[in-house]
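Novice: let me see the structure of the following:
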Amino acid sequence: MSKQEQRASLQKQLDSLAESLRLIDERIAEIVSPTNVDLQLKKDKEALRRQIADLERQLAHLDGAHDVTIPAPVGDFTGREQELADLAAALATGTGAAITGVRGMGGIGKSQLAFAVAHRLKAQYPTQVMVTLLGSTPAPLAPATALQRLIQHFAPTAQLPDDLPSLTAIYQGCLAQHGQPVLLLADDAAEAAQTRPLLPPAGCALIVTSRHSFTLPGMRRFDLDTLDPADAEHLLLAICPRIGDAAPELARLCGYLPLALRVSASLLDADETRAVARYLTQLAAERLHHLADPDGDPNDPQASVAASFALSYAALPEAAQQTFAQAGVFAGSFDLPAALAIVELTTKDTKDTKDTKNTKSELHRLLQQLAQAAGVPFDLKSDEEKAAIEQQMSLLVRRSLLGYDPATARYTQHDLLRDYGRTRLPDPAARAA
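Specialist: Numbers count the residues shown, from 1 in each chain. Alright, predicted model coming up:
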């Protein structure tokens, strides 16, 4: 598909969503008193706004010059010394191409780490190019389009075909004939099928960043964790020195997540009227609400922690969304039997009415209490239901929405992800738990 055709398709989708949003606004305006229909319309409106914002970002990306030069990391890039050293060592060329994968949850700092290691290896890889694969969005970049953008860096005037085999051959030829080692960054990848055509020839290197877990031939994977507390505090103070002695508590409330740290410190730095102590109180009461730029786009994943998480959530199938939301009730780590006891999956074919669902939940709790009092096990789920829940748990781990420790067979979840999951629960009482 040509650039003009891609743009026309995106614009058509954008116009359609804008019209749907207009009709929803009209319908909401006609409702005199709040109803369940009103609440559903507002949820639909929120979903439409996210889709529109995503399409607008894709259009801006399509209309841009597609500069494929890997940028330097942010000036206040902090910590990650061990990760940088490990990545640099893994990218040392051997007999073949060096392939590394950096995986982690949204906001963990994968892209900035990739920029930092590329900057460190500039002497070893004088030519450095990247392509943003949009893997965390509803419309990931097609492999053919990614290859075209990379090839155009080496052959700006070339008339390129659209078929993947021909583009792959041209891409390999460009890298092999370039005359010096090339470092490629495939940022925000969706899956192996999208990234596999980008594998470079011997003497070159590829860094893949993704929220998703997958493998490629010869790839060494790195799972990125949150910042160390000391590094998190250092980042806060580098952005906003007036945070002062409150840095340890603010870092804790941000879950040591780089995006949350940057958003919170930037808010305080930009608004001197906002007292640090007051902000800490607000953050403790409602973290996700106050981890967003109040003057920015609420759907911008670079300016809002919730918006970043929303990209991962929206990409999940319905059963995984339900599992993710319900897993948020655990305050700490938990095992599979605990998840099986808590998670209740419904499909479009098996959903109960609200009254029936409430009755079943009350009966379930009553039977559970009676079983506990009698000291006997309680389990109403079929083997098929258990298998379905376990499958969704596995998917959440692969999408970086849950952690898993094979040594203890226990799952973990970042506390900000847990907070976000609770906002997706249908029961207000559960959300407040």
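
Novice: give me the neighbour count for Leu236.
Specialist: Neighbour count for Leu236, taken as other Cβ atoms under 10 Å: 25. All C-beta spots, glycine's among them, are computed from the backbone N, C-alpha and C.

Novice: and it, what element?
Specialist: Counting by DSSP states H and E, the element that carries Leu236 is helix 229-239.

Novice: which secondary structure elements does that helix contact?
Specialist: helix 247-253, helix 258-270 (3 or more Cβ pairs under 8 Å, 6 or more residues apart in numbering; DSSP states H and E).

Novice: now the angle between helix 258-270 and it, please.
Specialist: 30 degrees (axes from the mean of the first three to the mean of the last three Cα atoms, to 10 degrees).

Novice: the strands in the stretch 101-250 of the chain, which residues?
Specialist: Using DSSP state E, counting those that start in this stretch, the strands found in the stretch 101-250 of the chain span residues 127-132, 182-189, 205-210, 219-223.

Novice: turn the ones you listed into CSV, including distance to Pro301, mean neighbour count and mean pLDDT.
Specialist: Below are the strands of the stretch 101-250 of the chain laid out as CSV (distance: least, Cβ to Cβ, whole Å; neighbours: other Cβ atoms under 10 Å; pLDDT from 0 to 100):
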stretch, distance to Pro301, mean neighbour count, mean pLDDT
strand 127-132, 13, 20, 94
strand 182-189, 10, 24, 96
strand 205-210, 14, 26, 96
strand 219-223, 20, 16, 94
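
Novice: got TSV for these, with distance to Cys254 too?
Specialist: Shown next, in TSV, are the strands of the stretch 101-250 of the chain (distance: least, Cβ to Cβ, whole Å):
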stretch	distance to Cys254
strand 127-132	26
strand 182-189	22
strand 205-210	21
strand 219-223	20
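
Novice: nearest to Ala158, of the ones you listed?
Specialist: strand 127-132 (15.2 Å; Cβ to Cβ).

Novice: excluding covalently adjacent residues, which one is nearest to the residue nearest in space to the middle of the chain?
Specialist: The residue lying closest to the centre of the chain (Cα atoms, centre = their mean) is Gly106, at 3.4 Å. The shortest distance from Gly106 to any non-neighbouring residue, by Cβ to Cβ, 6 or more residues apart in numbering, is to Ser308 (4.0 Å).

Novice: wait, the one you found sits on Gly107?
Specialist: Yes - if you go by Cβ atoms under 8 Å, Ser308 and Gly107 touch, sitting 4.8 Å apart.

Novice: if you count surrounding residues, which of these two has more?
Specialist: Just comparing Ser308 and Gly107: by other Cβ under 10 Å the higher neighbour count belongs to Gly107, 29 against 26.

Novice: which residues of the protein score low on pLDDT?
Specialist: Applying pLDDT under 70 to the chain flags residues 1-7, 31-39, 42-43, 53-67, 93-95, 347-380, 427-433.

Novice: please repeat the previous calculation with a cut-off of 50.
Specialist: By pLDDT under 50, the weakly predicted segments of the chain are 63-65, 349-354, 430.

Novice: just to revisit the earlier point, and whatever helix or strand the residue nearest to Gly106 lives in, which residues are buried?
Specialist: Ser308 belongs to helix 305-314 when assigned by DSSP H and E. Within helix 305-314, the residues scored as buried using 16 or more other Cβ atoms under 10 Å are 305-313.

Novice: got the CA positions of that helix in CSV?
Specialist: The C-alpha coordinates for helix 305-314 follow below in CSV (Å, rounded to 0.1, in the frame of the first residue of the first chain):
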residue,chain,number,x,y,z
VAL,A,305,0.8,6.5,33.0
ALA,A,306,-2.8,5.4,32.6
ALA,A,307,-2.7,6.1,28.9
SER,A,308,0.4,4.0,28.5
PHE,A,309,-1.2,1.1,30.4
ALA,A,310,-4.4,1.6,28.3
LEU,A,311,-2.5,0.6,25.1
SER,A,312,-1.6,-2.7,26.6
TYR,A,313,-5.0,-3.3,28.0
ALA,A,314,-6.8,-2.4,24.8
